[in-house]
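> Show me how the following folds:
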Amino acid sequence: MKALVVALILLVQLPIHKAVPAAPVAPLGCDDPESEAAAYAAVNYINSHSHHGYKFALNRIENIRVLPQGPNNNIIFLEVDLLETRCPVLSPTPLENCTVRSFTEHAVEGDCDIKLQKLDGKITVLATKCHSHADSSEDVVQLCPDCPLLTSLNNTEVTTAVTAALSAHNSKATDAYLRLLEIGRAKIQYEPVHVVYVEFAVAATNCSAEEAKENVEACQLLPDDQSNFGFCTASMITRPKEDLQVDCQLYGHQVPTPNTPFFPEYSNLLILVAQGFTNHNLRLSHNNPVASESMSSEVSASMLSAKPVVKRAVAQHDKVPHPVGFVSPPLLCPGRIRHFKI
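Numbers count the residues shown, from 1 in each chain. This is a model prediction of the structure:
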């Protein structure tokens with residue numbers, strides 16, 4: 001009995017071990033290497049899941065938030081600014097070799113909210129929400145009064161130029177007959193020469209250019225296991241003297257992978273041209289099907305849908321009056337601008 005009492009006393013005196021919460025994560029700056037690694041992973045994911053228009057490059061990390069989930073397991077929320085490049089989404093050119101369009105080319109900016117997971121050092125994109133818009137015409141004209149501006153993709157002059165350019169190419173082609181997939185960009189210069197500049201995606205058909213002259217209606221796009229996409233640029237002068245220049249390049253067949261973008265059926269793409277947009281909106285909202293269902297979906301929904309107030313407040317930081325001699329503390333976000341600000 002005495003031994004039992006002693007045992008109970010010793011048991012009561014044992015320290016109680018409470019669950020230790022996950023250690024807080026030090027705030028990340030938008031230009032920290034870890035932030036940039038997450039941003040580049042997100043941009044590659046976005047480009048590989050975009051089906052229209054052009055690839056986008058990282059311009060600035062606007063904000064980052066890290067939520068610890070456990071040992072070596074963090075959820076990362078990113079807000080990034082992107083800029084359109086000259087590479088179509090189907091181009092095999094690596095993003096690092098794609099040129100960002102200059103401000104005077106009437107640049108297009110993309111804004112994206114991304115949710116990622118970093119587990120044991122590996123970064124996985126869980127969800128993205130993006131949109132894009134062209135810079136204002138006023139901004140371009142102010143810097144470059146004579147630069148041509150983006151115009152609607154269904155503008156009559158634009159569709160006429162695309163039709164004429166593709167016909168001109170096919171009439172001289174010695175290989176496959178090409179069909180239009182979509183119009184990518186279009187600009188019109190009115191003075192001193194009236195010029196229509198167009199860019200458009202194409203695909204090879206199962207007909208040669210010569211066979212198409214006999215029965216063009218029989219020419220169909222190649223099946224997926226043989227598909228051959230390409231891209232054309234053209235300029236059509238209508239006055240004072242008519243002239244048409246066109247250059248088309250086929251990329252060759254690319255072996256499909258889970259991350260390879262694709263175009264829908266040709267007939268469906270005509271809807272995009274008919275709505276009067278000046279650029280293909282990066283209207284990408286995507287949830288990774290391999291993402292863990294245990295991830296905080298409620299937090300994800302709010303973070304990816306709400307417009308951040310912090311982003312606007314930080315942008316106004318330099319406009320707040322300060323007393324003489326005040327030294328502004330370094331801001332963790334937003335990060336550096338890699339190209340230019342729209």
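> can I have stretch 196-214 written out in PDB, keeping just the CAs?
What follows is stretch 196-214, C-alpha atoms only, in PDB (Å, rounded to 0.1, in the frame of the first residue of the first chain):
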ATOM      1  CA  VAL A 196      -2.400  47.200 -90.300                       C
ATOM      2  CA  TYR A 197      -0.100  45.000 -88.200                       C
ATOM      3  CA  VAL A 198      -1.400  41.500 -87.300                       C
ATOM      4  CA  GLU A 199      -0.200  38.400 -85.500                       C
ATOM      5  CA  PHE A 200      -2.100  35.100 -85.600                       C
ATOM      6  CA  ALA A 201      -1.700  31.500 -84.700                       C
ATOM      7  CA  VAL A 202      -2.000  28.800 -87.400                       C
ATOM      8  CA  ALA A 203      -2.100  25.000 -87.600                       C
ATOM      9  CA  ALA A 204      -1.100  22.600 -90.400                       C
ATOM     10  CA  THR A 205      -3.800  20.600 -92.100                       C
ATOM     11  CA  ASN A 206      -3.800  17.100 -93.700                       C
ATOM     12  CA  CYS A 207      -3.600  18.800 -97.200                       C
ATOM     13  CA  SER A 208      -0.600  20.200 -99.100                       C
ATOM     14  CA  ALA A 209      -1.000  23.700-100.300                       C
ATOM     15  CA  GLU A 210      -1.400  22.300-103.800                       C
ATOM     16  CA  GLU A 211      -4.100  19.800-102.800                       C
ATOM     17  CA  ALA A 212      -6.000  22.600-101.100                       C
ATOM     18  CA  LYS A 213      -6.500  24.400-104.400                       C
ATOM     19  CA  GLU A 214      -8.600  21.400-105.600                       C
END
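> Give the rounded mean pLDDT of that stretch.
What stretch 196-214 shows for mean pLDDT is 92.
> can you give me the helices in this protein?
Remark: helices assigned in the chain by DSSP state H are 2-13, 33-48, 137-143, 156-172, 209-214, 266-273, 297-305, 309-315.
> Of those helices, which shows the lowest average pLDDT?
Looking at the helices of the chain, the weakest mean confidence is helix 309-315, a mean of 36.
> Which positions within stretch 213-222 qualify as buried?
Residues of stretch 213-222 classed as buried: 219, 221 (neighbour count, 16 or more other CB atoms under 10 Å). In this view, the C-beta of every residue, glycine as well, is placed from N, C-alpha and C.
> Touching it from outside, list them.
Here stretch 213-222 makes contact (CB atoms under 8 Å, 6 or more residues apart in numbering) with 177, 179, 203, 204, 205, 206, 207, 211, 212, 227, 228, 266.
> Report the separation between the fourth one and residue 85.
The gap separating residue 204 from residue 85 is 24 Å, by CB to CB, to the nearest Å.
> The third one too?
Taking CB to CB as the measure, residue 203 and residue 85 are separated by 21 Å.
> which ones are touching residue 229?
90, 181, 201, 202, 203, 204, 250, 251, 254, 263.
> Mind checking which of those residues are in strands?
Among the contacts of residue 229, the ones falling in strands (DSSP state E) are 181, 201, 202, 203, 204, 250.
> I figured the first one hits residue 205, correct?
No: under the criterion of CB atoms under 8 Å, residue 181 is not in contact with residue 205, lying 11.4 Å apart.
> State the distance from the closest residue to residue 158 other than its chain neighbours to residue 168.
Nearest-residue entry for residue 158: residue 186, 4.2 Å, with adjacent residues in sequence omitted and distances by CB to CB, 6 or more residues apart in numbering. Relative to residue 168, residue 186 is positioned 17 Å away (CB to CB).
> which one of those two has more residues nearby?
More neighbours surround residue 186 than the other of residue 186 and residue 168, with 25 against 16 (other CB atoms under 10 Å).
> Surely the more buried one and residue 155 touch.
Yes: look at residue 186 against residue 155 with CB under 8 Å: they come within range, at 6.5 Å.
> picking that back up, okay, the ones in strands among the contacts of residue 229 in CSV with distance to residue 161 and neighbour count next?
Formatted as CSV, the ones in strands among the contacts of residue 229 follow (distance: CB to CB, whole Å; neighbours: other CB atoms under 10 Å):
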residue, distance to residue 161, neighbour count
181, 16, 22
201, 15, 22
202, 14, 22
203, 19, 19
204, 22, 23
250, 21, 16
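> what's the closest of those residues to residue 122?
residue 201 (33.8 Å; CB to CB).
> Excluding covalently adjacent residues, which one is nearest to that closest one?
Nearest one to residue 201, counting by CB to CB, 6+ apart, is residue 181 at 4.1 Å.
> One more: residue 280?
residue 53 (3.3 Å).
> What's the separation between the one you found and residue 196?
On the measure of CB to CB, residue 53 and residue 196 end up 19 Å apart.
> Which one's more surrounded, the two?
Taking neighbours as other CB under 10 Å, residue 53 and residue 196 compare with residue 196 leading, 25 against 22.
> quick one, what contacts that one?
With CB under 8 Å, 6+ apart, residue 196 has these contacts: 157, 158, 160, 161, 186, 187, 188, 235, 236, 238.
> Could you pick out the buried ones from those?
Of those, these count as buried by 16+ other CB under 10 Å: 157, 158, 161, 186, 187, 188, 235, 236, 238.
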